[in-house]
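Trainee: take a look and give me a structure for this.
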Amino acid sequence: MPTDLMRASAPPATPRSNVRNVNIVAIAVTAALVTLQLVGLAMLERSHAHAMHVSFPREPQVCSENVDAAVSQIPYD
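Mentor: Purely as a prediction, here's the structure:
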């Protein structure tokens with residue numbers, strides 16, 4: 001009879017495997033999201049570096065025309 005009590009108090013084996021599967025899926029999804037974030041960050045860094053390279057070329061451009069533009073002053077109170 002004591003063996004019947006031990007069997008009744010023992011948890012079933014099936015929920016443990018389900019919990020383990022859920023944990024594995026959660027870890028896989030987290031790893032995929034981290035990977036996507038790193039890829040997005042790399043793409044952002046690359047596009048920002050490209051934009052900075054286009055905006056600031058290594059050789060300064062020479063403006064051969066000397067144009068004086070009239071700028072109206074804004075009166076302040």
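
Trainee: run through this protein and note the low-pLDDT ranges.
Mentor: 1-15, 50-69, 71, 77 (pLDDT under 70).

Trainee: how about the helices in it?
Mentor: 2-9, 13-55 (DSSP state H).

Trainee: contacts only, for Ala42.
Mentor: The neighbours of Ala42, taking C-beta atoms under 8 Å, 6 or more residues apart in numbering as the test, come to nothing; the list is empty. Any C-beta I mention is one placed from the backbone N, CA and C, and that applies to glycine too.

Trainee: now Ile31: how far from Val22?
Mentor: Just so we're on the same page, residue 31 is Ala rather than Ile. 15 Å (C-beta to C-beta, to the nearest Å).

Trainee: before we move on, what about Ala32?
Mentor: Counting by C-beta to C-beta, the gap from Ala32 to Val22 is 16 Å.

Trainee: next up, phi/psi of Ser74, please.
Mentor: Residue 74: Ile, not Ser. With angles defined as degrees, to the nearest 10, Ile74 sits at phi -90, psi 120.

Trainee: what's the local residue count around it?
Mentor: Close neighbours of Ile74, defined as other C-beta atoms under 10 Å, add up to 5.

Trainee: cool, Glu45 as well?
Mentor: Counted with other C-beta under 10 Å, residues neighbouring Glu45 total 10.

Trainee: same question, Val34
Mentor: When counting by other C-beta under 10 Å, one arrives at 10 neighbours for Val34.

Trainee: cool, Ala70 as well?
Mentor: Applying the criterion other C-beta under 10 Å, we find 4 residues in the vicinity of Ala70.

Trainee: do Leu38 as well
Mentor: 10.

Trainee: then Val39?
Mentor: Neighbours of Val39 under the rule other C-beta under 10 Å: 10.

Trainee: contacting residues for it?
Mentor: Counting by C-beta under 8 Å, 6+ apart, Val39 touches no other residue.

Trainee: how close does it get to Ser47?
Mentor: Note on Val39: its distance to Ser47, by C-beta to C-beta, is 13 Å.

Trainee: and if you look at Arg16?
Mentor: Note on Arg16: its distance to Ser47, by C-beta to C-beta, is 47 Å.
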